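Participant: Test case, fold it:
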Amino acid sequence: MFDHAAQDPLLHIRNLSKRFHTSRGIVHAVSDVSFDIPRGSITGLVGESGSGKTTLGRTLLRLIEPSEGETIFDGTDINKLDGRALRATRRRMQIIFQDPISSLNPRFKVGQIVAEGLRAHGIGTISERKDRVATLLDEVGLSSDAISRFPHEFSGGQRQRIGIARALALEPEFIVADESVSALDVSIQAQVLNLLLELRERHNLTMLFIAHDLSVVEYLCDQIVVMYLGRVAEIGLAQHVYSSPGHPYTQALLTAVPVPDPQAARDRTILTGDIPSPLDPPSGCVFRTRCPIADAACATNIPAPVKAGPAHQLYCRKPNVQN
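Facilitator: Below you'll find the model as predicted:
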(Lines give C-alpha, C1' and ligand atoms only; values in the text may rest on other atoms or scores of the structure.)
Protein backbone atom coordinates (compact mmCIF):
# COMPACT_ATOMS: atom_id res chain seq x y z
CA MET A 1 0.00 0.00 0.00
CA PHE A 2 1.25 3.47 -0.84
CA ASP A 3 2.63 5.40 2.13
CA HIS A 4 2.06 9.10 1.46
CA ALA A 5 4.06 10.27 4.48
CA ALA A 6 7.12 8.20 3.52
CA GLN A 7 7.48 9.69 0.03
CA ASP A 8 9.04 12.95 -1.04
CA PRO A 9 7.26 14.88 -3.82
CA LEU A 10 8.38 14.21 -7.37
CA LEU A 11 6.53 17.36 -8.46
CA HIS A 12 6.06 20.63 -6.63
CA ILE A 13 3.46 22.77 -8.41
CA ARG A 14 3.53 26.36 -7.20
CA ASN A 15 1.17 29.20 -8.17
CA LEU A 16 0.73 27.77 -11.66
CA SER A 17 -1.55 29.73 -13.99
CA LYS A 18 -2.53 29.53 -17.64
CA ARG A 19 -4.43 32.24 -19.46
CA PHE A 20 -5.44 32.13 -23.12
CA HIS A 21 -5.83 35.40 -25.01
CA THR A 22 -8.75 35.15 -27.44
CA SER A 23 -10.78 37.53 -29.57
CA ARG A 24 -13.48 37.45 -26.87
CA GLY A 25 -11.10 38.20 -24.00
CA ILE A 26 -8.81 36.39 -21.58
CA VAL A 27 -9.70 32.81 -20.66
CA HIS A 28 -8.59 32.02 -17.11
CA ALA A 29 -8.10 28.27 -17.59
CA VAL A 30 -5.83 27.59 -14.59
CA SER A 31 -5.42 30.10 -11.76
CA ASP A 32 -2.78 30.04 -9.02
CA VAL A 33 -2.74 26.26 -8.53
CA SER A 34 -0.36 24.77 -5.93
CA PHE A 35 0.03 21.18 -4.74
CA ASP A 36 2.57 18.37 -4.55
CA ILE A 37 2.57 14.96 -6.25
CA PRO A 38 4.39 12.39 -4.07
CA ARG A 39 6.87 10.10 -5.78
CA GLY A 40 5.32 6.73 -6.61
CA SER A 41 1.74 7.93 -6.01
CA ILE A 42 -1.31 8.22 -8.23
CA THR A 43 -2.93 11.62 -7.79
CA GLY A 44 -6.48 12.01 -9.06
CA LEU A 45 -7.53 15.33 -10.59
CA VAL A 46 -11.32 15.70 -10.65
CA GLY A 47 -13.95 18.30 -11.46
CA GLU A 48 -16.67 19.13 -13.96
CA SER A 49 -15.98 19.72 -17.64
CA GLY A 50 -14.46 23.18 -17.98
CA SER A 51 -12.73 23.11 -14.60
CA GLY A 52 -9.24 23.23 -16.15
CA LYS A 53 -8.13 19.63 -15.53
CA THR A 54 -6.77 18.85 -18.99
CA THR A 55 -5.16 22.28 -19.33
CA LEU A 56 -3.38 21.78 -16.01
CA GLY A 57 -2.16 18.31 -16.98
CA ARG A 58 -0.77 19.51 -20.29
CA THR A 59 0.77 22.59 -18.70
CA LEU A 60 2.67 20.37 -16.25
CA LEU A 61 4.27 18.64 -19.24
CA ARG A 62 4.77 21.95 -21.08
CA LEU A 63 2.65 20.76 -23.96
CA ILE A 64 1.00 24.09 -23.13
CA GLU A 65 3.24 26.90 -21.96
CA PRO A 66 2.27 28.27 -18.52
CA SER A 67 1.50 31.95 -18.04
CA GLU A 68 3.25 31.97 -14.68
CA GLY A 69 4.23 29.77 -11.77
CA GLU A 70 6.63 26.89 -11.15
CA THR A 71 6.57 23.20 -12.02
CA ILE A 72 9.47 21.73 -10.08
CA PHE A 73 10.15 18.20 -11.32
CA ASP A 74 12.69 16.27 -9.28
CA GLY A 75 14.28 19.51 -8.08
CA THR A 76 14.26 21.40 -11.41
CA ASP A 77 11.76 24.02 -12.54
CA ILE A 78 10.94 22.72 -16.02
CA ASN A 79 9.29 26.03 -16.93
CA LYS A 80 12.79 27.51 -17.10
CA LEU A 81 14.24 24.79 -19.34
CA ASP A 82 14.72 24.93 -23.08
CA GLY A 83 16.66 23.16 -25.81
CA ARG A 84 18.45 19.97 -24.85
CA ALA A 85 17.61 20.23 -21.17
CA LEU A 86 13.87 20.36 -21.88
CA ARG A 87 14.14 17.55 -24.42
CA ALA A 88 15.93 15.35 -21.90
CA THR A 89 13.34 16.06 -19.21
CA ARG A 90 10.49 15.25 -21.57
CA ARG A 91 11.79 11.68 -21.81
CA ARG A 92 10.94 11.38 -18.12
CA MET A 93 7.37 12.73 -18.47
CA GLN A 94 4.76 11.21 -20.78
CA ILE A 95 1.01 11.37 -21.42
CA ILE A 96 -1.80 8.90 -22.14
CA PHE A 97 -4.47 10.71 -24.14
CA GLN A 98 -8.21 10.48 -23.63
CA ASP A 99 -9.26 9.32 -27.08
CA PRO A 100 -7.46 6.12 -28.15
CA ILE A 101 -8.65 6.62 -31.73
CA SER A 102 -7.56 10.18 -32.52
CA SER A 103 -4.32 9.91 -30.52
CA LEU A 104 -2.93 7.12 -32.73
CA ASN A 105 -1.74 7.92 -36.26
CA PRO A 106 -3.97 5.81 -38.55
CA ARG A 107 -1.22 5.65 -41.20
CA PHE A 108 1.31 4.10 -38.83
CA LYS A 109 1.45 0.48 -37.82
CA VAL A 110 1.48 -0.23 -34.10
CA GLY A 111 5.18 -1.01 -34.11
CA GLN A 112 5.91 2.42 -35.59
CA ILE A 113 3.59 4.16 -33.11
CA VAL A 114 5.13 2.59 -30.02
CA ALA A 115 8.68 3.09 -31.29
CA GLU A 116 8.10 6.73 -32.29
CA GLY A 117 9.59 8.16 -29.09
CA LEU A 118 12.59 5.83 -29.28
CA ARG A 119 13.30 6.99 -32.84
CA ALA A 120 12.84 10.67 -31.96
CA HIS A 121 15.38 10.41 -29.15
CA GLY A 122 17.79 8.19 -31.11
CA ILE A 123 17.54 5.30 -28.68
CA GLY A 124 18.70 1.87 -29.82
CA THR A 125 19.16 0.22 -33.20
CA ILE A 126 16.23 -0.82 -35.39
CA SER A 127 16.49 -4.35 -34.03
CA GLU A 128 16.67 -3.17 -30.42
CA ARG A 129 13.64 -0.93 -30.90
CA LYS A 130 11.68 -3.81 -32.37
CA ASP A 131 12.52 -5.98 -29.37
CA ARG A 132 11.61 -3.16 -27.01
CA VAL A 133 8.24 -2.68 -28.73
CA ALA A 134 7.48 -6.41 -28.52
CA THR A 135 8.27 -6.37 -24.79
CA LEU A 136 6.05 -3.34 -24.21
CA LEU A 137 3.12 -4.83 -26.11
CA ASP A 138 3.40 -8.02 -24.08
CA GLU A 139 3.51 -5.96 -20.90
CA VAL A 140 0.22 -4.24 -21.70
CA GLY A 141 -1.48 -7.48 -22.72
CA LEU A 142 -1.18 -7.44 -26.52
CA SER A 143 0.31 -10.15 -28.72
CA SER A 144 3.47 -9.61 -30.76
CA ASP A 145 1.57 -9.74 -34.08
CA ALA A 146 0.07 -6.35 -33.16
CA ILE A 147 3.33 -4.78 -34.35
CA SER A 148 2.38 -5.16 -38.01
CA ARG A 149 -1.27 -4.11 -37.68
CA PHE A 150 -2.96 -0.70 -37.91
CA PRO A 151 -4.89 1.02 -35.07
CA HIS A 152 -8.30 0.58 -36.77
CA GLU A 153 -7.90 -3.21 -36.46
CA PHE A 154 -8.17 -3.03 -32.67
CA SER A 155 -10.96 -2.44 -30.16
CA GLY A 156 -11.10 0.72 -28.04
CA GLY A 157 -9.56 -1.00 -25.03
CA GLN A 158 -6.76 -2.46 -27.14
CA ARG A 159 -6.05 0.93 -28.69
CA GLN A 160 -5.75 2.42 -25.22
CA ARG A 161 -3.26 -0.32 -24.34
CA ILE A 162 -1.24 0.73 -27.40
CA GLY A 163 -1.28 4.31 -26.07
CA ILE A 164 -0.06 3.07 -22.69
CA ALA A 165 2.75 1.09 -24.35
CA ARG A 166 3.79 4.21 -26.26
CA ALA A 167 3.86 6.23 -23.03
CA LEU A 168 6.08 3.59 -21.38
CA ALA A 169 8.55 3.30 -24.25
CA LEU A 170 10.97 5.94 -22.92
CA GLU A 171 10.81 4.56 -19.36
CA PRO A 172 9.29 7.73 -17.86
CA GLU A 173 9.00 8.49 -14.17
CA PHE A 174 5.83 10.58 -14.44
CA ILE A 175 2.72 9.98 -16.57
CA VAL A 176 -0.35 12.16 -17.05
CA ALA A 177 -3.37 9.96 -17.84
CA ASP A 178 -5.93 12.36 -19.29
CA GLU A 179 -9.41 10.79 -18.99
CA SER A 180 -7.73 7.61 -20.21
CA VAL A 181 -10.68 5.29 -19.48
CA SER A 182 -13.66 7.59 -20.01
CA ALA A 183 -14.20 6.48 -23.63
CA LEU A 184 -14.20 2.76 -22.72
CA ASP A 185 -16.92 0.36 -21.66
CA VAL A 186 -17.15 -0.24 -17.92
CA SER A 187 -15.76 -3.78 -18.10
CA ILE A 188 -12.82 -2.61 -20.22
CA GLN A 189 -12.27 0.34 -17.85
CA ALA A 190 -11.64 -2.10 -15.00
CA GLN A 191 -9.03 -3.97 -17.04
CA VAL A 192 -7.17 -0.79 -17.97
CA LEU A 193 -7.30 0.53 -14.38
CA ASN A 194 -5.84 -2.72 -13.06
CA LEU A 195 -3.16 -2.53 -15.74
CA LEU A 196 -2.21 1.00 -14.61
CA LEU A 197 -1.94 -0.20 -11.01
CA GLU A 198 0.30 -3.09 -12.06
CA LEU A 199 2.52 -0.80 -14.14
CA ARG A 200 2.79 1.69 -11.27
CA GLU A 201 4.16 -1.04 -9.01
CA ARG A 202 6.40 -2.60 -11.66
CA HIS A 203 8.00 0.64 -12.85
CA ASN A 204 7.63 2.80 -9.73
CA LEU A 205 5.63 5.29 -11.77
CA THR A 206 4.14 8.52 -10.50
CA MET A 207 0.84 9.44 -12.17
CA LEU A 208 -1.61 12.28 -12.46
CA PHE A 209 -4.94 10.63 -13.30
CA ILE A 210 -7.46 13.11 -14.72
CA ALA A 211 -11.09 11.98 -14.53
CA HIS A 212 -14.67 13.02 -13.93
CA ASP A 213 -15.80 9.64 -12.56
CA LEU A 214 -15.20 9.83 -8.82
CA SER A 215 -15.79 6.11 -8.26
CA VAL A 216 -12.91 5.34 -10.63
CA VAL A 217 -10.68 7.86 -8.86
CA GLU A 218 -11.50 6.40 -5.44
CA TYR A 219 -10.45 2.94 -6.64
CA LEU A 220 -7.21 4.02 -8.29
CA CYS A 221 -5.80 7.07 -6.55
CA ASP A 222 -3.85 7.77 -3.36
CA GLN A 223 -4.45 11.54 -3.36
CA ILE A 224 -7.32 13.64 -4.72
CA VAL A 225 -7.21 17.19 -6.09
CA VAL A 226 -10.64 18.74 -6.73
CA MET A 227 -10.73 21.62 -9.22
CA TYR A 228 -13.44 24.13 -10.01
CA LEU A 229 -13.15 26.83 -12.68
CA GLY A 230 -9.37 26.70 -12.79
CA ARG A 231 -8.77 26.71 -9.03
CA VAL A 232 -8.16 24.00 -6.44
CA ALA A 233 -11.18 23.53 -4.16
CA GLU A 234 -9.91 20.67 -2.02
CA ILE A 235 -6.89 18.39 -1.82
CA GLY A 236 -6.11 15.43 0.41
CA LEU A 237 -5.54 11.72 0.74
CA ALA A 238 -8.26 9.78 -1.04
CA GLN A 239 -9.63 8.21 2.13
CA HIS A 240 -9.89 11.62 3.82
CA VAL A 241 -11.56 13.39 0.91
CA TYR A 242 -14.08 10.61 0.39
CA SER A 243 -14.87 10.04 4.07
CA SER A 244 -14.70 13.67 5.24
CA PRO A 245 -15.23 16.10 2.35
CA GLY A 246 -15.04 19.68 3.55
CA HIS A 247 -15.67 21.85 0.50
CA PRO A 248 -19.33 22.18 -0.58
CA TYR A 249 -18.31 21.48 -4.17
CA THR A 250 -16.61 18.21 -3.22
CA GLN A 251 -19.65 17.26 -1.15
CA ALA A 252 -21.92 17.88 -4.13
CA LEU A 253 -19.72 15.83 -6.46
CA LEU A 254 -19.65 12.89 -4.06
CA THR A 255 -23.42 12.83 -3.59
CA ALA A 256 -23.77 12.57 -7.36
CA VAL A 257 -21.73 9.34 -7.59
CA PRO A 258 -24.09 6.51 -8.65
CA VAL A 259 -24.63 3.64 -6.23
CA PRO A 260 -25.49 0.10 -7.38
CA ASP A 261 -28.53 -0.20 -5.09
CA PRO A 262 -31.54 1.67 -6.55
CA GLN A 263 -33.35 1.37 -3.20
CA ALA A 264 -30.57 3.03 -1.22
CA ALA A 265 -31.49 6.34 0.36
CA ARG A 266 -29.65 9.27 -1.23
CA ASP A 267 -29.08 12.70 0.22
CA ARG A 268 -28.19 14.54 -2.97
CA THR A 269 -26.75 18.05 -3.04
CA ILE A 270 -28.04 19.59 -6.26
CA LEU A 271 -25.99 22.48 -7.63
CA THR A 272 -28.07 25.11 -9.42
CA GLY A 273 -26.92 26.79 -12.60
CA ASP A 274 -23.96 26.05 -14.84
CA ILE A 275 -20.27 26.51 -14.28
CA PRO A 276 -19.44 30.20 -15.03
CA SER A 277 -17.42 31.18 -18.06
CA PRO A 278 -13.63 31.27 -17.55
CA LEU A 279 -13.75 34.47 -19.60
CA ASP A 280 -15.41 36.18 -16.66
CA PRO A 281 -14.93 34.15 -13.45
CA PRO A 282 -16.71 35.35 -10.30
CA SER A 283 -14.80 37.53 -7.87
CA GLY A 284 -13.64 36.08 -4.58
CA CYS A 285 -14.52 32.40 -4.34
CA VAL A 286 -15.23 31.22 -7.88
CA PHE A 287 -17.72 28.65 -6.57
CA ARG A 288 -19.88 31.19 -4.73
CA THR A 289 -22.45 31.59 -7.55
CA ARG A 290 -23.49 27.95 -7.13
CA CYS A 291 -22.62 27.39 -3.47
CA PRO A 292 -25.51 26.60 -1.10
CA ILE A 293 -23.75 28.26 1.88
CA ALA A 294 -22.21 31.34 0.23
CA ASP A 295 -22.72 34.79 1.71
CA ALA A 296 -21.80 38.32 0.65
CA ALA A 297 -18.29 38.03 2.10
CA CYS A 298 -17.49 35.17 -0.28
CA ALA A 299 -17.41 37.70 -3.14
CA THR A 300 -14.65 39.76 -1.54
CA ASN A 301 -11.56 37.59 -1.16
CA ILE A 302 -10.18 34.43 -2.74
CA PRO A 303 -10.30 31.86 0.10
CA ALA A 304 -7.02 30.86 1.70
CA PRO A 305 -6.26 27.16 2.30
CA VAL A 306 -7.79 25.72 5.47
CA LYS A 307 -6.30 22.62 7.09
CA ALA A 308 -8.97 19.93 7.49
CA GLY A 309 -6.71 17.15 8.74
CA PRO A 310 -3.36 15.49 8.01
CA ALA A 311 -2.43 16.16 4.37
CA HIS A 312 -5.95 17.52 3.79
CA GLN A 313 -6.80 21.12 3.00
CA LEU A 314 -9.60 23.01 1.33
CA TYR A 315 -10.22 26.48 0.01
CA CYS A 316 -13.40 27.72 1.63
CA ARG A 317 -14.34 30.46 4.13
CA LYS A 318 -17.01 28.29 5.75
CA PRO A 319 -15.64 24.73 5.75
CA ASN A 320 -17.88 21.97 7.04
CA VAL A 321 -15.88 18.75 7.16
CA GLN A 322 -18.21 15.77 7.10
CA ASN A 323 -17.42 12.76 9.25
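
Participant: which SS class is Val232?
Facilitator: strand (DSSP: H, G, I helix; E, B strand; the rest coil).

Participant: Now do the same for the nearest residue to it once chain neighbours are set aside: its pLDDT.
Facilitator: Closest residue to Val232 apart from its sequence neighbours, by Cβ to Cβ, 6 or more residues apart in numbering: Val33 at 5.6 Å. From N, CA and C alone the C-beta is placed, and that goes for glycine too. pLDDT recorded at Val33 is 97.

Participant: Over to Pro319?
Facilitator: 73.

Participant: How about the contacts made by the closest residue in space to it that isn't next to it in sequence?
Facilitator: Distance criterion Cβ to Cβ, 6+ apart; nearest residue to Pro319, sequence neighbours excluded, is Gly246 at 4.5 Å. Residues near Gly246 by Cβ atoms under 8 Å, 6 or more residues apart in numbering: 234, 306, 308, 312, 314, 316, 319-322.

Participant: One more pass at 7 Å, please.
Facilitator: For Gly246, the contact set (Cβ atoms under 7 Å, 6 or more residues apart in numbering) comprises 234, 308, 314, 316, 319-321.

Participant: Output the below-cut-off pLDDT ranges for the stretch 201-323 of the chain.
Facilitator: 258-268, 321-323 (pLDDT under 70).

Participant: Where do the helices of it begin and end?
Facilitator: Applying DSSP state H, counting those that start in this stretch to the stretch 201-323 of the chain gives helices spanning 214-220, 238-243, 248-255.

Participant: which residues are in contact with the second one?
Facilitator: Outside of helix 238-243, the residues within contact range by Cβ under 7 Å, 6+ apart are 218, 221-224, 234, 250, 254, 309, 312.

Participant: If we go by neighbour counts, what in that helix is buried?
Facilitator: Neighbour counts over helix 238-243 (16 or more other Cβ atoms under 10 Å) mark 238, 240-242 as buried.

Participant: rewinding a little: drop anything exposed from the contacts of Gly246.
Facilitator: 234, 308, 314, 316, 319, 321.

Participant: could you dump the residues you listed to a markdown table with distance to Pro106?
Facilitator: Formatted as a markdown table, those follow (distance: Cβ to Cβ, whole Å):
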| residue | distance to Pro106 |
| --- | --- |
| Glu234 | 40 |
| Ala308 | 48 |
| Leu314 | 44 |
| Cys316 | 46 |
| Pro319 | 49 |
| Val321 | 49 |
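
Participant: now, which of the residues you listed sits nearest Ala88?
Facilitator: Closest to Ala88 out of the buried ones among the contacts of Gly246 is Glu234 (34.9 Å), distances taken as Cβ to Cβ.

Participant: I'd like to know how far that closest one sits from Ala308.
Facilitator: 8 Å (Cβ to Cβ, to the nearest Å).

Participant: got any residues that touch both of those two?
Facilitator: Common neighbours of Glu234 and Ala308, using Cβ under 7 Å, 6+ apart, are 246, 314.

Participant: how far away is the closest residue to Gln158 other than its chain neighbours from Gly157?
Facilitator: Excluding its sequence neighbours, the residue lying closest to Gln158 (Cβ to Cβ, 6+ apart) is Leu142, at 6.5 Å. From Leu142 across to Gly157, the span is 10 Å (Cβ to Cβ).

Participant: Ok, Val176 next?
Facilitator: From Val176 to Gly157 the distance is 20 Å (Cβ to Cβ).

Participant: Those two: who's more crowded?
Facilitator: Between Val176 and Gly157, counted using other Cβ atoms under 10 Å, the more crowded position is Val176 (24 against 19).
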